[in-house]
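> starting from these lines, generate the structure:
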Amino acid sequence: MVYLEPVIGGADMKVESVWSMFHVIQANSRVQFTADDIDFILSVLQNKPGSAENLVRLLSDEETRDLILDDEALIRAVLEQRNCLRISARFYFYILVRHAFRRTGLQERCLADYVASILAEFSSTDRMTCKVKGQPQSMDYFFEMLAALQTVDDTTSFFIRAHIGNHSLFLSGVFPDRIRFRAETRGCPSLSYYEGLGRSNFKVASDHRLARKYDLDGIFNLLAERFQETRLALNDLRDRLLSLGEPDFPFENLVKGNPA
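I've put the predicted structure just below:
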């Protein structure tokens with residue numbers, strides 16, 4: 001089971017009905033555990049000091065929860081598991097991203113949390129499109145989204161800019177080789193274009209009232225300032241995961257470089 005936040009909208013929202021067309025990605029991957037996530041944590045850390053009941057209690061406390069999730073035993077268990085993992089996509093991506101980010105110096109947990117949510121969301125292809133009320137077709141290309149910014153209202157503009165930032169990070173972080181190939185062979189935008197696009201739209205979105213409402217202003221600011229570092233950390237995680245299991249790339253190469 002993967003936890004997904006409800007689509008924005010409803011009687012308690014005193015804003016434009018256009019909100020119902022959008023989905024807010026939030027930094028909540030490390031707080032929305034499923035029963036399977038809890039079972040996995042307990043199974044991995046059952047030999048640690050303290051009872052299972054105490055471990056569950058500690059997971060409900062923000063400070064101790066974050067320390068538990070940083071335990072290297074969890075990343076090892078996720079990567080070494082031979083059978084199908086019965087954990088949520090959000091938990092899976094948080095463990096991977098948090099470890100990768102710490103290794104590259106990105107220490108802010110909220111950043112890893114938000115990026116993990118992006119990966120979980122965009123693992124479903126229908127989440128990657130951008131839909132605007134009144135338009136029959138979804139927007140699949142950045143030039144369509146940028147053009148729409150010239151005519152939409154303030155609320156819709158925020159959601160489009162957040163989507164552009166998220167999508168830019170996802171594509172440049174997970175598919176850098178594809179972007180390079182298309183840039184070299186077809187004259188398509190390079191990675192620097194995606195970085196600039198993501199950085200600028202995260203920056204504008206960070207100043208919006210809705211960013212403050214959803215506690216995203218600080219995260220958007222971080223992504224605007226450290227977009228390239230974040231993108232490179234995702235590139236590194238991707239490359240290491242693709243190489244995992246090769247004879248000349250033992251498991252230790254994925255977890256080497258002890259996180260600070």
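
> tell me the phi and psi of M139?
Reported as degrees, to the nearest 10, the phi and psi values for M139 are phi -100, psi 120.

> report how many residues lie close to the nearest residue to it once chain neighbours are set aside.
The shortest distance from M139 to any non-neighbouring residue, by C-beta to C-beta, 6 or more residues apart in numbering, is to C130 (4.3 Å). Glycine gets a C-beta too; all of them are placed from N, C-alpha and C. Residues contacting C130 under the criterion other C-beta atoms under 10 Å number 23.

> now swap in E229 and tell me
For E229, using other C-beta under 10 Å, the count is 16.

> that one contacts L106, doesn't it?
Yes: the pair E229 / L106 is scored as a contact, 6.2 Å apart, by C-beta atoms under 8 Å.

> tell me the pLDDT at the closest residue to L69 other than its chain neighbours?
Of all residues not flanking L69 in the chain, R30 sits nearest, at 5.9 Å (C-beta to C-beta, 6+ apart). Here, the pLDDT recorded for R30 equals 88.

> how close does R30 sit to Y114?
10 Å (C-beta to C-beta, to the nearest Å).

> and what of F175?
19 Å.

> which one of those two is surrounded by more residues?
Y114 (26 against 15).

> just the element for the more buried one, please.
Assigned by DSSP states H and E, Y114 falls within helix 109-122.

> can you name the residues in contact with the helix or strand E184 falls within?
Here E184 sits within helix 176-186, counting by DSSP H and E. Residues outside helix 176-186 that contact it (C-beta atoms under 8 Å, 6 or more residues apart in numbering) are 171-172, 188-191, 194, 231, 235, 238.

> from Y194, how far out is Y94?
Taken as C-beta to C-beta, the span from Y94 to Y194 is 23 Å.

> higher neighbour count, those two?
Of the pair Y94 and Y194, Y94 is the one with more neighbours under other C-beta under 10 Å, namely 29 against 24.

> residue contacts, the more buried one?
So Y94 contacts 29-30, 69, 112-113, 116 (C-beta under 8 Å, 6+ apart).

> how about those, which pair is most distant?
L69 and A116 (10.9 Å; C-beta to C-beta).

> got JSON lines for the contacts of helix 176-186, with pLDDT and distance to L146 too?
Shown next, in JSON lines, are those (pLDDT from 0 to 100; distance: C-beta to C-beta, whole Å):
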{"residue": "L171", "pLDDT": "95", "distance to L146": "15"}
{"residue": "S172", "pLDDT": "97", "distance to L146": "17"}
{"residue": "C188", "pLDDT": "92", "distance to L146": "16"}
{"residue": "P189", "pLDDT": "94", "distance to L146": "12"}
{"residue": "S190", "pLDDT": "95", "distance to L146": "17"}
{"residue": "L191", "pLDDT": "96", "distance to L146": "18"}
{"residue": "Y194", "pLDDT": "97", "distance to L146": "13"}
{"residue": "R231", "pLDDT": "97", "distance to L146": "20"}
{"residue": "N235", "pLDDT": "96", "distance to L146": "25"}
{"residue": "R238", "pLDDT": "93", "distance to L146": "27"}
